[in-house]
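> Test case, fold it:
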Amino acid sequence: MSLVRLNIKGISYSQTQNGAYALILNEVEGDRKLPIVIGAFEAQSIAIALEKEIRPPRPLTHDLFKNFAERFDIVVKQVIIHKLVDGVFYSSLICERDKIEEIIDARTSDAIALALRFDAPIFTYKNILDKAGIFLKVESKNSDNENTEDSVLVDDVLAGELEPAVSKTDFSSKSIEELRQLLEEAVANEDYEKAASIRDEISKR
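Residues are numbered from 1 along each chain as shown. Below you'll find the predicted structure:
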């Protein structure tokens with residue numbers, strides 16, 4: 001089966017499943033998008049890895065995993081989303097140590113959070129993208145299944161631009177100096193969603 005490389009298009013709050021976020025992956029050589037529902041903690045970890053300017057005061061779980069792996073010369077070479085069963089994605093970490101390759105099972109959200117930290121490429125198989133990939137807006141559906149972790153997203157978040165998964169607080173009235181102070185406070189309080197929103201406001205200035 002042929003592999004298709006993916007990159008991260010963005011993260012959005014899921015409108016249909018409370019407390020969940022939508023991770024949108026985009027095929028590199030195509031227009032299809034692979035939407036996946038992930039939990040709030042994993043969404044925060046991925047968002048922090050994407051926002052290079054935000055540095056947590058203490059290592060998060062995925063940062064700890066990376067530090068541990070580097071200490072023992074383990075490298076994550078790539079991530080493969082290799083299976084889709086009953087709406088749930090299954091992924092593997094392809095790791096290498098002393099030129100010996102190992103395959104480790106992982107939740108897709110954890111695998112992608114680590115891929116970002118190791119600068120590792122993300123792949124899926126063509127048949128998975130054919131099955132779960134979408135071009136346009138999909139219809140919302142009600143679901144009684146509360147276990148939404150790493151599952152197929154059934155949502156309308158792909159209509160137009162992705163909504164940012166950060167606070168809607170208006171910072172336009174704040175000065176640059178005030179924004180920088182708020183950014184430091186948000187990072188110190190580990191409120192990374194607010195920090196990302198403040199950083200975006202600073203970037204716009």
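
> Quick check: buried residues in stretch 107-119?
Neighbour-count burial for stretch 107-119 flags Arg107, Thr108, Ser109, Asp110, Ala111, Ile112, Ala113, Leu114, Ala115, Leu116, Arg117, Phe118 (criterion: 16 or more other C-beta atoms under 10 Å). In short, each C-beta sits where N, CA and C put it, glycine included.

> want to throw these into TSV with distance to His62 and pLDDT?
Listed next are the buried residues of stretch 107-119 as TSV, based on distance: C-beta to C-beta, whole Å; pLDDT from 0 to 100:
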residue	distance to His62	pLDDT
Arg107	11	94
Thr108	13	95
Ser109	10	94
Asp110	7	95
Ala111	10	96
Ile112	10	96
Ala113	4	96
Leu114	6	96
Ala115	10	97
Leu116	8	95
Arg117	6	95
Phe118	10	96
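
> now the residues you listed as TSV including distance to Ile24 and secondary structure?
Shown next, in TSV, are the buried residues of stretch 107-119 (distance: C-beta to C-beta, whole Å; DSSP: H, G, I helix; E, B strand; the rest coil):
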residue	distance to Ile24	secondary structure
Arg107	17	coil
Thr108	13	helix
Ser109	13	helix
Asp110	17	helix
Ala111	16	helix
Ile112	11	helix
Ala113	15	helix
Leu114	18	helix
Ala115	15	helix
Leu116	14	helix
Arg117	19	helix
Phe118	21	helix
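
> Between those residues, which sits nearest Leu84?
Among those, Thr108 lies closest to Leu84 (C-beta to C-beta), at 9.8 Å.

> which residues sit in contact with the closest one?
Going by C-beta atoms under 8 Å, 6 or more residues apart in numbering, Thr108 touches Ile36, Ile38, Ile81, Phe89, Tyr90, Ser91, Asp150.

> Excluding residues flanking it in the chain, which one is nearest the most centrally placed residue in the chain?
Centrality entry for the chain: nearest residue to the mean C-alpha point is Ile46, 4.2 Å, by C-alpha atoms, centre = their mean. Spatial nearest neighbour of Ile46, chain neighbours left out: Ala113 (5.1 Å); criterion: C-beta to C-beta, 6 or more residues apart in numbering.
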